[in-house]
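give me a 3D structure for the following:
(2 chains)
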Amino acid sequence: MGEINKQPGRLRAAPENFLTEAQIKDVAAGRRDFLRKSLFAAGAAGAALAAPKVVRAAEGDPNILENPAWTTSLGQPVATNPYGMPSKYESQLLRRESPGLARVGGASVSFAPLQGLFGIITPSGLHFERHHQGWHDIDPSKHRLMVNGSDDSLLKKAKVYTLDEIMRLPSVSRIHFIECGANTGLEWGNVAVPTVQYTHGMISCSEFTGVPLKLLLEDCGVDYKKARYVLAEGADGSSMTRTIPMEMVESGEVFVAYGQNGEMLRPENGYPLRLVVPGVQGVSWVKWLRRIEVGDKPYATKDEAVHYIDLLPSGLHRQYSSIQECKSVITTPSGGQTLLDKGFYNVSGLAWSGRGKIKQVDVSFDGGVNWQTARIEGPVQNKALTRFNTNWVWDGSPAILQSRAIDETGFVQPTYGQLRKVRGTKSIYHNNAIQSWKVIESGEVSNVQVL
Amino acid sequence: MFRFSKPLFVFALFSASTVALAVDKYDGVGRAATPAEVKAWDIDVRPDFKGLPKGSGSVDRGQELFEEKCASCHGSFGESNEVFTPLAGGTTKDDIKTGRVKGLSSGELPQRTTFTKVATISTVFDYIQRAMPWTAPKSLKPDDVYAILAYLLNLQEIVPGDFTLSDKNIADVQKLLPNRNGMTTDHGMWPGAPASKGGIGNGGKPDTANKACMKNCKPDVLIGSTLPEYARTAHGELRDQNRSFGAVRGTQTLGPEAAKKAADAGTLELATKSGCMACHGMKSKIVGPGYNEVVARYKDQPDAESRLVAKVKAGGQGVWGSIPMPPNGHIKDEDISTLVKWILSGSK
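Just a heads-up that it's a prediction; the model follows:
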């Protein structure tokens, strides 16, 4: 966080938190004594530090010439924080609500700060939240999973499992994205929110560990011929329910998860048990999972008959829309950020598809007239976030950045124009349009929609 | 050869043991659910009313219950938009005849209500029974659910005021819902078998078909919408929602004045939460000195901050009179530092 040097092509001084506008002017004029003072005040809390040598700027960076406190003193012992926490300098990236989106915190959303995350795994503490009637921290010793049938002919034996028992069963660990069906839903009609946290932050990606649901259903003697649907139900107040097709369960993809990123699920993400339904919108990944019912018909539950239905221009609603289609977004740089300088940038973003693996991601810097293929980082996994990067030298002129993902089925992420042509602007759910970020001469990046 | 023989041997043993230990039963895992357990949890009601409990309830009884248990969030007539979106309204007599809510496509509907959307009354019964009231879910008896639902149906002018809804007539009522023909499953977003094979939907066929053009893909760039100014600032100071180092910075959206105000508001909250405001006023003495007095006394002392931090932490007596300030070991060091800085900068 350091020095503010005069560099060729520099557009503006870094907006360091501890500099006032007047101080920034001072720096530009070559007066920098106060800088050193504030640095030491911040660094050593005013104590125990020898008086700094006066260093002229011409000799070099005081961060190099004068060893800081962490280089000249004893650090803290192990297990100072028995459960480690991020650096105190990482206080900006938090889950946040979008003001006015929901009026009740127990039925609201907090968005993951995609603008500052790397790679494909979402830190568990920053995983987006969506609750339907608030969250609880459930006592795992009292949690039960029941499996039963809508009638007795569908299942030989209704059974009850404890966590002790579920955790004895053969397990799988898989990395999958979970995206709320309403992600980017605020943007169906027009640009409404400023940053990628609020446009796309209802997505997260974790390694989940658990037991294939298929194994439990077969343990109960399911009759696959008759039982073609599964109802999943939560243990929270809303006891949220969703219908899931048996084909997905039979494929082995659906599993009952207790692990998330190497530890147990977080309470906000369904501790101690949730369903993982890869590629399908988050509402089907029932949290605090307490019951699985196999049935011969879909259930038309509240969250598939009143909400999570997609309004079309004809006035019809699409019901049982579930798959999250191929989508991508550039996270750096993105809306609400400012480029400090002309020159080189690693443009980075995320791509995903509910229909399988990502095959290719293209990036445009001119609003979609010309495209170049981005580098895909790391292993490309089924129904998981995929990180892409591409090189960019910004010459200081206006640009519109876009990314366009293609999945293994050959499906190409649509433009806003294409999506609205078939679905209108009131669909709320399943907005997978190409996102555009406009960069202006000052370096400020903002959210725009290109048709 | 020797190099390979050992692993081969191990492999052979492993194969044999795999066969010997192959299991398709998970002995000791899980137990049969008792009928009472299944009954306690299996409360779902399907559109064909499988799972529906026996019972009945009148519109009048429903009105009483609704006023008592539901109106504080939903309004007396299910019309409130304050806490949740409205339950009732938005449909016409004609919609009840056709089973399609005309307002959904005509643009005349300012906001969708539950009854402009729902095609299955089972859904509403199931949801009220499992999740309502908001703060006491599952506290309603089946007769209460029938009554509340009867009242809602009457508000929606689907049933008359003297109606009693029951397990006997609920299927007939479902046939009157104003949007009963308003759902389609003809789309590609169902991940199971398609309708042609007894399932739902078109088998995964998408409804858009973009092409991966690479060069000169269109004559010009049409901007459909840009970020309105109010939306730029509605999400707080964006600078503070990004790292203060790295490739980019968050854009300052509120300006230094507003940013200080927001920070001050946060610190006042911290001061209140930490118990400071019980004894100190910002501009007046309560038990201890007002923050304005603290500033006046310490303003010219270069080490004021570190001395005050130490004092807040350890407590003290004498400087401001005989009433002691208790030690504040419960407050985190960085919070104390934030509070002291805030006080010295003229707490607002």
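
mind checking the end-to-end distance for stretch A:103-117?
In stretch A:103-117, first residue to last residue: 28 Å (C-alpha to C-alpha, to the nearest Å).

could I get the buried residue list for that stretch?
A:107-117 (16 or more other C-beta atoms under 10 Å in any protein chain shown). C-beta: built from backbone N, CA, C; applies to glycine.

residue of the stretch 101-250 of chain B closest to chain A, please.
Residue nearest to chain A within the stretch 101-250 of chain B: residue B:192 (2.3 Å; C-beta to the nearest C-beta).

which residue, neighbours along the chain excluded, lies closest to that residue?
Spatial nearest neighbour of residue B:192, excluding adjacent residues (C-beta to C-beta, 6 or more residues apart in numbering or on different chains): residue A:245 at 2.3 Å.

neighbours around that neighbour, how many?
24 (other C-beta atoms under 10 Å in any protein chain shown).

likewise for residue A:59?
9.

need the pLDDT of the residue lying closest to it once chain neighbours are set aside.
In space, and not counting its chain neighbours, residue A:59 is closest to residue A:65: 6.2 Å by C-beta to C-beta, 6+ apart. Per-residue pLDDT puts residue A:65 at 95.

does residue A:65 touch residue A:57 like I think?
No - with contact defined as C-beta atoms under 8 Å, residue A:65 does not count as touching residue A:57 (10.2 Å).

where does pLDDT dip in chain A?
Chain A contains residues with pLDDT under 70 at A:1-56.

what's the nearest residue in it when you look at chain B?
residue A:245 (2.3 Å).

for that residue, what are phi and psi?
Note on residue A:245: its backbone torsions stand at phi -70, psi 140 [degrees, to the nearest 10].

show me what contacts it?
A:228-230, B:190-193, B:199-200 (C-beta atoms under 8 Å, 6 or more residues apart in numbering or on different chains).

and with 7 Å instead?
With C-beta atoms under 7 Å, 6 or more residues apart in numbering or on different chains as the criterion, the residues that contact residue A:245 are A:229, B:190-193, B:199.

let me know the closest of the residues you listed to residue B:58.
Comparing the contacts of residue A:245 against residue B:58 with C-beta to C-beta picks out residue A:229 as the nearest, at 34.5 Å.

that closest one reaches residue A:247, doesn't it?
No - at 9.9 Å, residue A:229 does not count as touching residue A:247 under the criterion of C-beta atoms under 7 Å.

comparing the two, which residue is more hemmed in?
In this view residue A:229 and residue A:247 are compared by other C-beta under 10 Å, and residue A:229 has more residues nearby, 23 against 18.

let me see the ranges of the strands in the stretch 201-350 of chain A.
Along the stretch 201-350 of chain A, counting by DSSP state E, counting those that start in this stretch, strands occupy A:203-212, A:229-234, A:241-245, A:255-260, A:263-264, A:274-276, A:289-295, A:310-311, A:317-318, A:327-332, A:337-339, A:343-352.

out of these, nearest to residue A:195?
Among the strands of the stretch 201-350 of chain A, strand A:337-339 sits nearest to residue A:195 (C-beta to C-beta), with 7.8 Å.

the closest one and chain B in contact?
Yes - counting by C-beta under 7 Å from any C-beta of the partner chain, contacts between strand A:337-339 and chain B involve A:337-339.

make CSV from those and add neighbour count to it.
Shown next, in CSV, are the residues of strand A:337-339 next to chain B (neighbours: other C-beta atoms under 10 Å in any protein chain shown):
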residue, neighbour count
A:337, 30
A:338, 24
A:339, 23
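
of all the strands of the stretch 201-350 of chain A, which one is nearest residue A:427?
By C-beta to C-beta (comparing all of the strands of the stretch 201-350 of chain A), the closest turns out to be strand A:310-311, at 4.5 Å.

so what strands line up beside the closest one?
strand A:317-318 (antiparallel) (DSSP bridges).

give me the residues contacting the partner strand.
Contact with strand A:317-318 is made by A:309-312, B:117, B:182-184, B:187, as judged by C-beta under 7 Å, 6+ apart.

roughly how far is that strand from the heart of the chain?
26 Å (C-alpha atoms, centre = their mean, to the nearest Å).

repeat for stretch B:311-324
Once both centres are worked out by C-alpha atoms, centre = their mean, stretch B:311-324 turns out to sit 45 Å from its chain's centre.

does the residue positioned nearest the centre of chain B sit in a helix, a strand or a coil?
By C-alpha atoms, centre = their mean, chain B has its centre lying nearest to residue B:84, at 11.5 Å. Of the three states, residue B:84 takes coil under DSSP: H, G, I helix; E, B strand; the rest coil.

list the contacts of it.
If you count contacts by C-beta under 7 Å, 6+ apart, then residue B:84 has B:73-74 around it.

what's the pLDDT at it?
92.

re the thing from before, pull the most distant pair out of the contacts of residue A:245.
It's A:229 and B:191 that sit farthest apart of these, by C-beta to C-beta, at 11.9 Å.

for chain B, what are the nearby residues on the stretch 101-250 of chain A?
A:103-104, A:113, A:115-116, A:133, A:146, A:148, A:150, A:157-161, A:165, A:168-169, A:190-195, A:197-198, A:219, A:231, A:237-239, A:241, A:245-248.

just the ones of those residues in strands?
A:146, A:148, A:159-161, A:231, A:241, A:245 (DSSP state E).

is it true that residue A:95 touches residue A:126?
Yes - at 5.9 Å, residue A:95 counts as touching residue A:126 under the criterion of C-beta under 7 Å.

shared neighbours, the two?
Common neighbours of residue A:95 and residue A:126, using C-beta under 7 Å, 6+ apart, are residue A:112.

bridged to the closest residue in space to residue A:286 that isn't next to it in sequence, which residues?
For residue A:286, ignoring the flanking residues on the chain, the nearest one in space by C-beta to C-beta, 6+ apart is residue A:232 at 4.0 Å. On the basis of DSSP bridges, residue A:232 is bridged to residue A:242, residue A:292.
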